[in-house]
Structure formats: structure tokens, C-alpha cells
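Asker: give me the fold of what follows.
(chains A, B, C and D)
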There are 2 protein chains.
Amino acid sequence: MSREIRRTMPLLSMSIVMQLTELSARQIRYYEEHHLIEPHRTEGNRRMFSLNDVDTLLEVKDYLEQGMNMAKIKKLFAKKLDPVATEEPDLSDTELRRIMREEMRQAQRMQKSSIRRGDLSRFY
Amino acid sequence: MSREIRRTMPLLSMSIVMQLTELSARQIRYYEEHHLIEPHRTEGNRRMFSLNDVDTLLEVKDYLEQGMNMAKIKKLFAKKLDPVATEEPDLSDTELRRIMREEMRQAQRMQKSSIRRGDLSRFY
DNA sequence: TAAAGATGTAAGGTTTCCTAACATCGTTTT
DNA sequence: AAAACGATGTTAGGAAACCTTACATCTTTA
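Answerer: Have a look, this model is predicted:
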């Protein structure tokens, strides 16, 4: 079983993801609506989340707590997945540098709170 | 978050544990009845399994497929947890050697089938 | 052949999750 | 300032997943 499969395996139900991320069901569904995650569905249409999804949700949460909005977060994520194709002509250089700064600050805060990316990564 | 906590964290619902182990709900509950696992319960009384639990279930499955019965499996597990306190006077030496042999064979088969202890251990 | 062991199945009830809609409340935009 | 927007809360009605209990079945053991 490859690491990739392990990370993307839909193992987790809504309730535990809520606990792990300290997000409400409403929030999680809203982020899905914006395609930040795309959880698997059971035959009965229930969401099943992967460890990757939890990771992403924790990132989204962090960004939102920094005052970033969905639109920017989406762009940030697009950039991650394909940094070339996303040469945003509508993002000024100063804007970009601001985002980078925020990412840095975010990376620092990673040391502190209860459940964080660093910990979860040890699951897979 | 320690490795121990990660392994014992109740993350998994009945349905995924069924998939991961290829056991029926009936079987899983039966093994719990015999105290081979003791899954956590949610407020609403639903079972939540840890990765340790899945590990144990896969072991139980293996032993049963080898023709061992619950009673012997229980003893085997007791021995694991406390090898001293379980000096079984009612287990003959030949019996013991047979069990050991089975454990060895079981350990070999670990290389083969679809989802196995070796793989799962990489989750935590 | 009866008892015991392991599992299947069915019934009835509860919990968890689903979508859809509307409410709220702070922040932009006009 | 009023309207629009963005993010989240809340509620309602319904469906899926899970629970326990009890009985059925089939195999192995006594």
C-alpha cells in the first residue's frame, strides 16, 4: 500500500473530522462546496474523509483565522497544485508577498495549538 | 501526540472497520463480547475503533482461519499482555509448541494478503 | 445425539448524517 | 446608509448506519 493511497484513503466520518479539526459540519460542507476538499461518498451518500482532507481542512482553518477569505485560499491552493499554470496576472506583487508573509506566520504558529498538521502527518 | 495515543485513538466507525478487516459486524461484535477488543463508544453509543483494534481484529481473523477457537485466542492474547502471569498449567507442552508453530506460520503469511498488519502499522 | 461455538439474519429503535432553506452578523460595495 | 456579500448558525424532514436482542443455522466437540 503506497503512501499516496494511505493518505487518500477515505476512513473518517464527519463526526471525527469535526473533532480532529474543531470545525462545524456546516463549515466543512461549506469548504467542500468551494471545492477545497472533495470527500468520498458511501453508497448511502455519507461523506468519508481521508487524512489528506483533514490536513487540508486544518490549513483552510488556519488561513481563515488569519483573515484570508475563500477566494484567496482557493488561489493559494491552486498555486500549490500547479504553481506554473497559476501565474495570476490579477495578483499584484505586493499582494503576493503579503500572502507569502502570511504563510510564513502560519508556519510558525504550527508549533502551538492542539491538533496540527505536524501531528497528523505522523498518521501516514 | 505520542505514538501510543495515535494507535489507540478511536477514529474509525463500524463500516470502515468491516471493510478494512473483511469481517462482518456480527463477527466484530462477537469478538468484542469476548473482550478481544474494547472499542470506545460515542455519546450515542456507537462503536469507535482505533487502529490498534483493527490490528487485533486482523490477528483474530488469522487465528480463526487457522482453526483456533476463541478460548485459545484469548489465552494467546493474555500471554502477550502478561507472559509471566499466564503460565498455563492446563496447556500441555505439545499444545504450546503447536500454538507457537501456528504463530510462526501466521507470521509468514503476513507478507501476502490484501490488508495486513504490516501495512496498517504505517498508519501510525 | 445433545451441547457448545461461531456466525447469519431479522425486528424495532436510536443516532448520525444528509440536503435545503432561511436566519444572522460582520464586512464590502454602491 | 442601504444593499449586497461572505461565512456560519439553525431548523426541519428524511435516509443511512448503527444499536441490542433474539432466534436460526451449521459445524465441531463431548
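
Asker: ranges for the helices of chain A?
Answerer: For chain A, helices defined by DSSP state H occupy the ranges A:3-8, A:14-21, A:25-33, A:51-65, A:70-81, A:93-109, A:117-120.

Asker: residues near whichever residue of chain A sits closest to DNA strand D, how many?
Answerer: Relative to DNA strand D, the nearest point of chain A is A:G44 (1.8 Å; Cβ to the nearest atom of the strand). (Glycine included, C-beta is placed from N, CA and C.) Close neighbours of A:G44, defined as other Cβ atoms under 10 Å in any protein chain shown, add up to 6.

Asker: contacting residues for the residue nearest to A:D53 when sequence neighbours are not counted?
Answerer: Counting by Cβ to Cβ, 6 or more residues apart in numbering or on different chains, A:I37 is the residue found nearest to A:D53 once chain neighbours are left out, at 4.7 Å. Going by Cβ atoms under 8 Å, 6 or more residues apart in numbering or on different chains, A:I37 touches A:28, A:31, A:49, A:53, A:56-57.

Asker: list just the nearest of these to DNA strand C.
Answerer: A:I28 (7.7 Å).

Asker: the closest one touches A:I16, doesn't it?
Answerer: No: look at A:I28 against A:I16 with Cβ atoms under 8 Å: they stay out of range, at 11.5 Å.

Asker: who's more crowded, those two?
Answerer: A:I28 (23 against 19).

Asker: residues in contact with the more buried one?
Answerer: A:14, A:17-18, A:21, A:37, A:57.

Asker: let's see that with 10 Å instead.
Answerer: When contacts are counted by Cβ atoms under 10 Å, 6 or more residues apart in numbering or on different chains, A:I28 touches A:14, A:17-18, A:21, A:36-37, A:39, A:47, A:49, A:53, A:57, A:60-61.
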